[in-house]
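J.: Just the structure for this:
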Amino acid sequence: MTSRWAAGAMTLATLYFAYHALAGEQGLGKWTDMQAKLADKEKVLAALEAENAALQKDIARLTPGQVDPDLIEVLARRDLGFVYPDELILVDRAVSSANTHR
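T.: Down below sits the predicted model:
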């Protein structure tokens, strides 16, 4: 009789630990979910690092004494809307109306 109780107890203990190893808070299912989240976060990190590198490059190009005039012109045109007096400006109404309805 004792061996039946011991076998039953061992079976229950094995099932308990097997369940928690697979579906528990720190089990295999949670581990695979965390691996997927880690992969997503690594992609975001890589994108942010690339953006940071581009910004660092722009900062270096804007350092006093080493200013890149082409970059200044691109920034003035893009961010401030500067144009030369002899340039023609073409406005696409579909694009401009799409930008105003954000």
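
J.: Go ahead and flag the most central residue of the protein.
T.: For the chain, the residue nearest the mean C-alpha position is V44 (2.0 Å; Cα atoms, centre = their mean).

J.: give the contact list for that one.
T.: Contacts for V44 (Cβ atoms under 8 Å, 6 or more residues apart in numbering) come out as none. Where C-beta positions appear, they are placed from N, C-alpha and C, glycine not excepted.

J.: Then the one 5 residues further on?
T.: Residues touching E49, when contacts are defined by Cβ under 8 Å, 6+ apart, are absent altogether.

J.: how close does it sit to K43?
T.: E49 sits 11 Å away from K43, taking Cβ to Cβ, to the nearest Å as the criterion.

J.: For D86, grab phi and psi.
T.: The phi and psi values for D86, taken as degrees, to the nearest 10, are phi -90, psi 10.

J.: now do L62
T.: Per-residue torsions, L62: phi -100, psi 10 (degrees, to the nearest 10).

J.: Next up, identify which helix or strand the nearest residue to it once chain neighbours are set aside is on.
T.: Nearest-residue entry for L62: L71, 6.8 Å, with adjacent residues in sequence omitted and distances by Cβ to Cβ, 6 or more residues apart in numbering. According to DSSP states H and E, L71 maps onto helix 69-80.

J.: how much space is there between A21 and L12?
T.: Separation of A21 from L12 (Cβ to Cβ) stands at 15 Å.

J.: what's the answer for Q35, then?
T.: 31 Å.
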